[in-house]
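Colleague: coords please:
(chains A, B, C and D)
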Number of protein chains: 4
Amino acid sequence: MIQSVAFIGLGAMGYRMAAHLPQHFDTVYVWNRNFAKAEQHAAEYATQAVELEQAVQADVIFSCLPTSQDVENLLDGLSLKAGSIWVDCTSGVPDSAKKVAAQLKAQQVDFLDAPVSGQTIGAEKGTLTVMVGGDAQAFEKALPAMQAFGQLIKHVGEPGAGFAVKAINNMLMAVNLCAVAEGFTTLKAHGVNLNEALDCINASSGKSAVTEMVLPQRILNRAFPLTFALPLLAKDTGIALDLVRDAKLSAPVLGLAQSLIQAANATAEPDSDFSSAVKMYEAWSKITIE
Amino acid sequence: MIQSVAFIGLGAMGYRMAAHLPQHFDTVYVWNRNFAKAEQHAAEYATQAVELEQAVQADVIFSCLPTSQDVENLLDGLSLKAGSIWVDCTSGVPDSAKKVAAQLKAQQVDFLDAPVSGQTIGAEKGTLTVMVGGDAQAFEKALPAMQAFGQLIKHVGEPGAGFAVKAINNMLMAVNLCAVAEGFTTLKAHGVNLNEALDCINASSGKSAVTEMVLPQRILNRAFPLTFALPLLAKDTGIALDLVRDAKLSAPVLGLAQSLIQAANATAEPDSDFSSAVKMYEAWSKITIE
Amino acid sequence: MIQSVAFIGLGAMGYRMAAHLPQHFDTVYVWNRNFAKAEQHAAEYATQAVELEQAVQADVIFSCLPTSQDVENLLDGLSLKAGSIWVDCTSGVPDSAKKVAAQLKAQQVDFLDAPVSGQTIGAEKGTLTVMVGGDAQAFEKALPAMQAFGQLIKHVGEPGAGFAVKAINNMLMAVNLCAVAEGFTTLKAHGVNLNEALDCINASSGKSAVTEMVLPQRILNRAFPLTFALPLLAKDTGIALDLVRDAKLSAPVLGLAQSLIQAANATAEPDSDFSSAVKMYEAWSKITIE
Amino acid sequence: MIQSVAFIGLGAMGYRMAAHLPQHFDTVYVWNRNFAKAEQHAAEYATQAVELEQAVQADVIFSCLPTSQDVENLLDGLSLKAGSIWVDCTSGVPDSAKKVAAQLKAQQVDFLDAPVSGQTIGAEKGTLTVMVGGDAQAFEKALPAMQAFGQLIKHVGEPGAGFAVKAINNMLMAVNLCAVAEGFTTLKAHGVNLNEALDCINASSGKSAVTEMVLPQRILNRAFPLTFALPLLAKDTGIALDLVRDAKLSAPVLGLAQSLIQAANATAEPDSDFSSAVKMYEAWSKITIE
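Modeller: Numbering: from 1, shown residues only, chains lettered A, B, ... in the order given. Have a look, this model is predicted:
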């Protein structure tokens, strides 16, 4: 029975995710490196902004940081409460999850890697998808807490499995981003009406989240709103490729997409949304996808 | 005002598409190289099985053949009626559409390249997507006839534009087929539960028609039902790549997917469904996607 | 027995190739679109600058133009002498060679596609490699004329075979150009001394004409001298890829190299040497190969 | 001043490399896991087959094992002599070299990663190329010992740099192996004479160690002699790709070649020479490169 929960890392996602917790739990601690953000959250949502040492005494501790390295750094030297569960919503590295899960196990703490998808809108509405790796019993115990912000919550395997699914998901999106950029510059070069073509493809076998959402909402309208930074997508595709390498598999398309996203990132303007990756293709073809 | 229509090529798609026409038009001719099929259609749907020379005297003539070459061969030497419209639903070659459109124009006949998507189930229900290239006025005139079997019907550009959109659509599907095979063998190598992972991805940015339909309906259940042959997908990716080459563009992901589908096709068993392309990856990884 | 020869197209290669002919033949016609160049050649090497119509009455006519299209345009409407041999040293398109060979055969003229390699230095010294496609007897008859500037002269097959070998040769070079750029930026990122590494590789299994010549003579010294323009390499890789497509083969590495050279060309400065393709990789990696 | 040397690992390369040492040093220890091989070496070349503990008391200790992991396992628990130099000729992992070099430094022992190229014939003749990473002074001190079997011996950088150069060298070879297989199946599909084409390419810009040696000596003659196993090439390309990943670079061609060699290895017969990788392409194209 969960009495207290904590949320560490109040970024664009975490801030909104933590906002749902007070509706379900009496004691909700929040903490953020820039502590003013924690205090703002406490004021806005009736959570408690506390010291990190106190926050991590909760029954369930959520973290949502930029990288697994940030989580490892944070954990380094922290003393946790036996029996508690750490639920890491970072889009992290599977090997790190395995290592941290083993370390926390020694302190009788369970670690779940539980990255989320659904963007800020999903965080706000509490309709996120949560893909969870780690101990099955810990998953069951932490489930009520994850339900505060998650709609589809799946236990996908051992420690690291959650991170793996997230990395492959984002890699598939990256592949589509490249392929759609290539396909739509080609169509435009042949004088095809892109909006009509898109309608057809979205009713056909070539559709993807990129054609259904990214292309109309970010690219064709030339908005490229910064909600998921291109360097983070480059990082995620790298995590996915490391999974391929670790398993000694052959994944030519994923490997190529990773190279291309990396190249697009290297030549992008600062603070570029992931959708800006198509601009590399536009520079190559002198064709604007609009 | 369309008085008569004809349908040439009563294959798996054409047979079902032509079945809707009698509900909208008094005179519906059908023709098929294996003429018994035309007679069977006439008996089943009250169409008229007639000689090719008579069929092509209709106001609107549909064709649905394996390749553009088949259409060109069929047209060779045929005398058409001035003012009629030829609507070719083959998944064909844009350059062929341009050539044929110009030839028929000399006979005062309009040619529309109008490939369809939606599979046999869509043909049966009359809910196909039709992507149409060619003269805009001819499109408007032929629209009522296409509405007999089509739900979303779009004029996407000049002659060849319809074929181009279909080729790029199928190429995007091919890219996803490869990427999903690579991603899911990787996940399985890391011990991830594929069904749970799939649920998560289908609620996230990595989803595509392949993850939503092909993977659960054809691959994970090991069914691989032959409804769209792998050699035809190989052909379509080739058409798409030729569009890239013609426009002198750079499309590394599409090019790689074409190579891989080609390789998968070369090493596949006869009569393989397109979804069997993943078996090449299974041979490489010794991992079965199930 | 060859009595007269002609050389059409006095560019950087042709000017030097034609200079060897007077040592072997009494009658040597030269022609160039910019005719002043022909007159200069006549003054310098005792050749005869004549009208195109007269030049093509020679027993053996060489051409060396930018593209096969230029050769076809030139031939259009020209009246040739029965029994003569046209030897085209352009880096051309195999399909064009087949077509032109068939056309000239009707005029009882043989056509040999005979592209050369060895650069301007080889043209000057008369040590070029000549790869020849076409009729075997015509090859034997034209051989003495080709020996004026060629050292290794090989009959590689039917019409188009010479162009095919040249295209594949240049494609292999393009592949190495990309791979070396990728490999050497990687080595530099890891602090390796590039010059010492190059010495080792040039004594090992990773060596190629790119590591032995292009890298030290054009890239590491940052010279990038314009002797073979990047757009021409892009064209040649396109010809090679069309050969792959025509044969319905799967060539993922060649396809990718073509895409990358195309992309490098699209983003290069005007008048870039082919070796400048590595600058795309330098922009991606922020690493200079020096 | 080197008084004693040792050679550990008497495989196909090591056995021949160690054979040169008695001509230069009075005390030459040899050791091999299968000790009979060490005794055979001692009988044949007047070296001393001794216990591992004694062997590693030499001034310079060479090792030549299948993988870096084997070297680490061997070193685990060994007590070395301060002031000695360990020269590892394994084709190993740069990160392992860094780690081991740091560990041995604590015992006042220098570690040089010094992989070799030149095959068994070069080992026999003492004409190997040695690419060396590690401390510059240690390199100078160990140089006389390496000269026993090496001809071109280069200090290429810090610990790991030698392994890095070897990995990139083998990767470049792998890229050429793939590209040549693609190019030559394409040429054969177009009826080109492969032997004549090869002569032309070997005199031109497309040449490489693969066209000059591997293709004529192993592939065109259908010999595929097992001297360098395909799994080892797959391993080396993996090491190269890890270098790319570590540096966060974009190397699409290297990544693709790694995938393809991995795939070729996964589908190859047991005990395949690296040159057998072309058989994957032959299966794809139904064309034999001969």
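Colleague: pLDDT (mean, whole number) over the helix or strand A:A174 falls within?
Modeller: A:A174 is part of helix A:161-189, with elements assigned from DSSP states H and E. Mean per-residue pLDDT for helix A:161-189: 98.
Colleague: what's the next secondary structure element after it?
Modeller: For helix A:161-189, the following helix or strand on the C-terminal side (DSSP H and E) is helix A:194-202.
Colleague: Kindly format the C-alpha coordinates of that following helix as PDB.
Modeller: Written as PDB, here are the backbone C-alpha positions of helix A:194-202 (Å, rounded to 0.1, in the frame of the first residue of the first chain):
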ATOM      1  CA  LEU A 194       1.800  16.900 -51.300                       C
ATOM      2  CA  ASN A 195      -1.400  17.500 -49.200                       C
ATOM      3  CA  GLU A 196      -3.500  15.300 -51.500                       C
ATOM      4  CA  ALA A 197      -0.700  12.700 -51.500                       C
ATOM      5  CA  LEU A 198      -0.600  12.800 -47.700                       C
ATOM      6  CA  ASP A 199      -4.300  12.200 -47.400                       C
ATOM      7  CA  CYS A 200      -4.000   9.100 -49.700                       C
ATOM      8  CA  ILE A 201      -1.000   7.700 -47.800                       C
ATOM      9  CA  ASN A 202      -2.700   8.200 -44.500                       C
END
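Colleague: Report the mean per-residue pLDDT for that helix.
Modeller: Summarised as a single mean, pLDDT over helix A:194-202 is 98.
Colleague: Next one: the closest residue to chain D within the stretch 51-200 of chain A from C:T237, what distance?
Modeller: Of all residues in the stretch 51-200 of chain A, A:C178 sits closest to chain D, at 11.1 Å by C-beta to the nearest C-beta. Heads up, the C-betas are built off the backbone N, CA and C, glycines and all. Distance of A:C178 to C:T237, given as C-beta to C-beta, to the nearest Å: 20 Å.
Colleague: before we move on, what about A:L112?
Modeller: 50 Å.
Colleague: now do A:C89
Modeller: For A:C89, the distance to C:T237 - C-beta to C-beta - is 46 Å.
Colleague: swap in A:T129?
Modeller: 43 Å.
Colleague: circling back to that earlier point, okay, the angle between the helix holding A:A174 and helix A:194-202?
Modeller: In terms of direction (axes from the mean of the first three to the mean of the last three C-alpha atoms, to 10 degrees), helix A:161-189 departs from helix A:194-202 by 130 degrees.
Colleague: got the contact list for the lowest-mean-pLDDT helix or strand in chain A?
Modeller: Lowest on mean pLDDT, DSSP states H and E among the helices and strands of chain A sits helix A:119-125, with a mean of 94. Here helix A:119-125 makes contact (C-beta atoms under 8 Å, 6 or more residues apart in numbering or on different chains) with A:12-13, A:16-17, A:19, A:116, A:128-129, A:149, A:151, A:227-228.
Colleague: From those, list the buried ones, please.
Modeller: Buried subset of the contacts of helix A:119-125 (neighbour count, 16 or more other C-beta atoms under 10 Å in any protein chain shown): A:13, A:16-17, A:19, A:116, A:128-129, A:149, A:228.
Colleague: Also near chain B: which of the residues you listed, exactly?
Modeller: Of the residues in the buried ones among the contacts of helix A:119-125, proximity to chain B by C-beta under 8 Å from any C-beta of the partner chain holds for A:T129.
Colleague: Any idea how many residues pack against A:L233?
Modeller: Look at A:L233: counted by other C-beta atoms under 10 Å in any protein chain shown, it has 27 neighbours.
Colleague: That one: what's it in contact with?
Modeller: A:170, A:173-174, A:261, A:265, A:274, A:277.
Colleague: same question, A:A101
Modeller: For A:A101, the contacting residues are A:110-111, A:113, A:134-135, A:159-160, by C-beta under 8 Å, 6+ apart.
Colleague: Against A:K141, how distant is it?
Modeller: 15 Å.
Colleague: same check, this time on A:D59
Modeller: With distances taken as C-beta to C-beta, A:D59 is found 9 Å from A:K141.
Colleague: Is A:L112 located within a helix, as I assumed?
Modeller: No - assessed with DSSP: H, G, I helix; E, B strand; the rest coil, A:L112 is strand; it does not lie in a helix.
Colleague: so what's the backbone phi/psi at the closest residue to it other than its chain neighbours?
Modeller: With C-beta to C-beta, 6 or more residues apart in numbering or on different chains as the criterion, A:L112 has its nearest non-adjacent residue at 3.9 Å, and that residue is A:G134. The phi/psi pair for A:G134 (degrees, to the nearest 10) reads phi 130, psi -170.
Colleague: How about the contacts made by A:G134?
Modeller: Residues near A:G134 by C-beta under 8 Å, 6+ apart: A:97, A:101, A:110-114, A:155, A:158-159, A:161-162.
Colleague: same question, A:F111
Modeller: A:F111 neighbours (C-beta under 8 Å, 6+ apart): A:85-86, A:88, A:97, A:100-101, A:104-105, A:134, A:138, A:159.
Colleague: Can you list which of those residues are found in helices?
Modeller: A:97, A:100-101, A:104-105, A:138 (DSSP state H).
Colleague: Give me the buried subset of these.
Modeller: Buried by 16+ other C-beta under 10 Å: A:97, A:100-101, A:104, A:138, out of these.
Colleague: now these as TSV including pLDDT?
Modeller: Output for these, formatted as TSV (pLDDT from 0 to 100):
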residue	pLDDT
A:A97	98
A:V100	98
A:A101	98
A:L104	97
A:A138	98
